[in-house]
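>>> show me the folded form of this:
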Amino acid sequence: MGEFFDVAFGFPTALFTFSLLVVAGYWAFVLVGGLDIDLLGAGADADAGAGAGPEDPDGPGPGWFAFLGLGGVPGTVVLSLLIALAWFVSLAGSALLTGTGPRVLVLAGALIAAWAGTRLAVLPLRRLLRRPVEASLRQFVGLPCVIRTGRVGPDFGQAEVTAPDGSSALVQVRRPPMDVAAAEDGAEDLALTAGTTALIFDFDPAGQFFWVMPHDTALDRPAL
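Model prediction:
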């Protein structure tokens, strides 16, 4: 047991040991209901998902997690996996190797192995988390929205939509090329500019955006 503590609190494993204790304490609080799993920011948040575009294939999430290919999953889960895997690899490597030089290599190997292992774990988790997000986003289909950008085209546009529960979200919107061509031909009633109202008629799960069309608010049914 003494050898275990010597390795766990020696270089380089000690760099991860204290972080692992914090992670263990965090998940203990989660299990007893004292904390929210998304304390560090969720990667599968509905509003964030609505803002994701085709240029972000890994989905939303903290910027540097997405840069490392670890986006689309709550940051707490990603960080916990990184620390746990790095600690385990570092512990095993330090137990097998001695000397400062080899242990520096253990540190580098632990970081690489932690990234690779977390990357593999994130892939299936991302698919599981994306399904309920897409289902919630589809609830916006059929609702009016207010354009917040100077224009809306086949590749650009944002709008604000208000859900039935009163909450609002800024979402990515696109317009079919044929509608854009008609508006450019002089049909002013088809123009979608900042402040105008449009109707969300479809959702693109691959691009994570909504298709919109001009909408006449006078046709809306009055609330009962």
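>>> lowest-confidence helix or strand of this protein?
Across the helices and strands of the chain, the lowest-confidence element by mean pLDDT, DSSP states H and E is helix 46-51, at a mean of 41.
>>> okay, buried residues for the next helix-or-strand element following that one please.
The helix or strand immediately downstream of helix 46-51 is helix 63-67, counting by DSSP states H and E. By 16 or more other C-beta atoms under 10 Å, the buried positions in helix 63-67 come out as 65-66. Quick note: C-beta positions are derived from backbone N, CA and C, even for glycine.
>>> what about Gly150, which helix or strand?
Going by DSSP H and E, Gly150 is not in any helix or strand.
>>> now do Gly117
Using DSSP H and E, Gly117 falls in helix 100-137.
>>> now for that helix, which elements pack on it?
On a contact count with 3 or more C-beta pairs under 8 Å, 6 or more residues apart in numbering; DSSP states H and E, helix 100-137 meets helix 46-51, helix 75-96.
>>> can you lay out those as a markdown table showing mean neighbour count?
Converted to a markdown table, those look like this (neighbours: other C-beta atoms under 10 Å):
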| stretch | mean neighbour count |
| --- | --- |
| helix 46-51 | 20 |
| helix 75-96 | 20 |
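>>> where does pLDDT dip in this structure?
By pLDDT under 70, the weakly predicted segments of the chain are 1, 33-63, 98-101, 129-135, 180-190, 217-224.
>>> 90 instead, please
Within the chain, the stretches with pLDDT under 90 are 1-14, 25-77, 92-106, 121-140, 150-151, 153-156, 162-170, 176-193, 204-208, 214-224.
>>> so what are the domain limits for it?
Per automatic domain parsing, the structural domains of the chain span 2-137, 141-219.
>>> give the closest residue to Arg175 in space, chain neighbours not counted.
Distance criterion C-beta to C-beta, 6 or more residues apart in numbering; nearest residue to Arg175, sequence neighbours excluded, is Val152 at 4.8 Å.
>>> on that earlier part again, now the helices and strands packed on helix 100-137 as a markdown table including distance to Phe16?
Putting the helices and strands packed on helix 100-137 into a markdown table (distance: least, C-beta to C-beta, whole Å) gives the following:
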| stretch | distance to Phe16 |
| --- | --- |
| helix 46-51 | 29 |
| helix 75-96 | 4 |
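>>> which of the ones you listed sits closest to Leu68?
Closest of the helices and strands packed on helix 100-137 to Leu68 is helix 75-96, at 8.8 Å (criterion: C-beta to C-beta).
>>> the closest one vs helix 100-137, what angle?
160 degrees (axes from the mean of the first three to the mean of the last three C-alpha atoms, to 10 degrees).
>>> give me the helices and strands touching helix 75-96, please.
Against helix 75-96 (3+ C-beta pairs under 8 Å, 6+ apart) you get helix 2-8, helix 14-31, helix 100-137.
>>> any chance of these in JSON lines, plus distance to Phe209?
Output for the helices and strands packed on helix 75-96, formatted as JSON lines (distance: least, C-beta to C-beta, whole Å):
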{"stretch": "helix 2-8", "distance to Phe209": "48"}
{"stretch": "helix 14-31", "distance to Phe209": "33"}
{"stretch": "helix 100-137", "distance to Phe209": "10"}
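>>> relative to Val171, which of these is closest?
Comparing the helices and strands packed on helix 75-96 against Val171 with C-beta to C-beta, the closest turns out to be helix 100-137 (7.9 Å).
>>> pull the distance from the closest one to the chain's centre.
Its chain's average C-alpha position is 14 Å from that of helix 100-137, according to C-alpha atoms, centre = their mean, to the nearest Å.
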